[in-house]
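> Below is the structure, and that's it, no one-letter string:
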DNA sequence: AACTAAATTGCAGTTATTACAATTAAAGAA
DNA sequence: TTCTTTAATTGTAATAACTGCAATTTAGTT
């Protein structure tokens, strides 16, 4: 609720109109810790907006991002994930199944960058991404290995 | 040179064959701090291998990655960049022009993750990406603004 | 030189995202 | 409330990075 009100205010400040589609996306994002993709947001609204266009979803996400209302997480090649929590935290993804979790990490040392970088860039943000394999996937893998013949050496993918 | 020899050894260990295309990619990557994309690697080899296929480039990059010879940098939506330096360092990218630089950052505190994460995931790696605007791009932008009429309020994109 | 598994090629397919022109609708003014 | 303006939404086509697969070639061994 707070999130939506905030976004409405921010959109108004920027001279952007409040449309039903925008409201619906604000509400969908409000408190959402599921790191939805554009596709998931599109599907989530499709019931209420049968004519909803993907272009609209992408446009709205772009506007929200520009207003500082979401982080676009570039953590896997295939697609972007969106996180309405723009406070300092990190993420971990399972490289097998794509499971994505927040990491609330307090011990953040100051991230003072080298002077030559600071001279060349004005820094606007950063992201810290961890990669790993989740419990479920590593257990599945063991099963698979148990069932199949001994794999050829050097033939293991990923 | 060292890099190529290392990769040859690693490929042999894994039972992978040493082909001219693979050698050429090893050599192209050796000491390369330009964070090339698959396309750039493809173009770089095209002269010497007129029949080179994109599939081959992707396949080889995948093998090198599995052998621990490159980092795949997922720092921008459009494409992956490849970095043969797999030692601990970070990256910064200009969100306007895509200029990509290494950050050799010593002050890395230990990155001790919360226990619930460690219980759920076996962590294999992490990446730290900074975003910003480079000098050249912010100077260009000033020029642009100077040339154009006063922008309508709230109408500024990006 | 012959053999065999693996690598490369060529090309078609997939999928996330973007571009653009036409239509619709929000929000301020009358 | 209606009118008007300007932005937002829609639909569809295009882009671009990457993947899948069958056919051909080749590295590395015998």
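Thanks, I have it. Keep in mind that what you see is a predicted model, and the values were worked out from it rather than measured.
> any low-confidence regions in chain A?
Within chain A, the segments meeting pLDDT under 70 span A:1, A:106-110, A:141-158.
> and the longest strand anywhere in it with DNA strand C, contact?
For chain A, the longest strand by residue count, based on DSSP state E, is strand A:121-134. No - residues of strand A:121-134 are not located near DNA strand C by CB under 7 Å from any atom of the strand, the shortest gap being 14.8 Å. Where C-beta positions appear, they are placed from N, C-alpha and C, glycine not excepted.
> Name the residues of that strand that come out as buried.
For strand A:121-134, burial by neighbour count (16 or more other CB atoms under 10 Å in any protein chain shown) applies to A:121, A:126-134.
> Show me how chain A divides into domains.
Using automatic domain parsing, the domain parsing of chain A gives A:1-83, A:88-149.
> Minimum distance to residue B:80: which of the ones you listed has it?
Judged by CB to CB, the one of those that comes nearest to residue B:80 is domain A:1-83, at 6.2 Å.
> Is the closest one in proximity to chain B?
Yes - applying CB under 8 Å from any CB of the partner chain, one finds domain A:1-83 touching chain B at A:13-16, A:66, A:72, A:74-77, A:80.
> Hmm, residue A:42 is touching residue A:54, no?
Yes - Residue A:42 is in contact with residue A:54 according to CB atoms under 8 Å; the separation is 5.8 Å.
> Tell me where chain A has strands.
With DSSP E as the criterion, chain A has strands at A:71-73, A:81-83, A:90-94, A:100-103, A:121-134.
> which ones are touching residue A:34?
Contacts of residue A:34 were listed using CB atoms under 8 Å, 6 or more residues apart in numbering or on different chains, and they are residue A:40.
> if we can go back for a sec, any chance of the strands of chain A in CSV, plus distance to residue B:90?
Below are the strands of chain A laid out as CSV (distance: least, CB to CB, whole Å):
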stretch, distance to residue B:90
strand A:71-73, 17
strand A:81-83, 20
strand A:90-94, 13
strand A:100-103, 17
strand A:121-134, 8
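> Now render the ones you listed as TSV, adding distance to DNA strand D.
Output for those, formatted as TSV (distance: least, CB to the nearest atom of the strand, whole Å):
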stretch	distance to DNA strand D
strand A:71-73	16
strand A:81-83	16
strand A:90-94	15
strand A:100-103	18
strand A:121-134	15
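> how much space between residue A:76 and residue B:74?
Residue A:76 sits 7 Å away from residue B:74, going by CB to CB, to the nearest Å.
> Just give me the residue right at the centre of chain A.
Centroid-nearest residue in chain A, with CA atoms, centre = their mean: residue A:81, separated by 2.9 Å.
> Next up, phi/psi of the spatially closest residue to residue A:63 that is not a sequence neighbour, please.
The shortest distance from residue A:63 to any non-neighbouring residue, by CB to CB, 6 or more residues apart in numbering or on different chains, is to residue A:16 (6.2 Å). Per-residue torsions, residue A:16: phi -100, psi 150 (degrees, to the nearest 10).
> Residues of chain A that sit close to DNA strand D?
So chain A meets DNA strand D at A:15-17, A:19, A:21-22, A:49, A:51-56, A:59-60, A:63, A:77 (CB under 7 Å from any atom of the strand).
> can you pull the contacts of residue A:124?
B:95, B:131-133.
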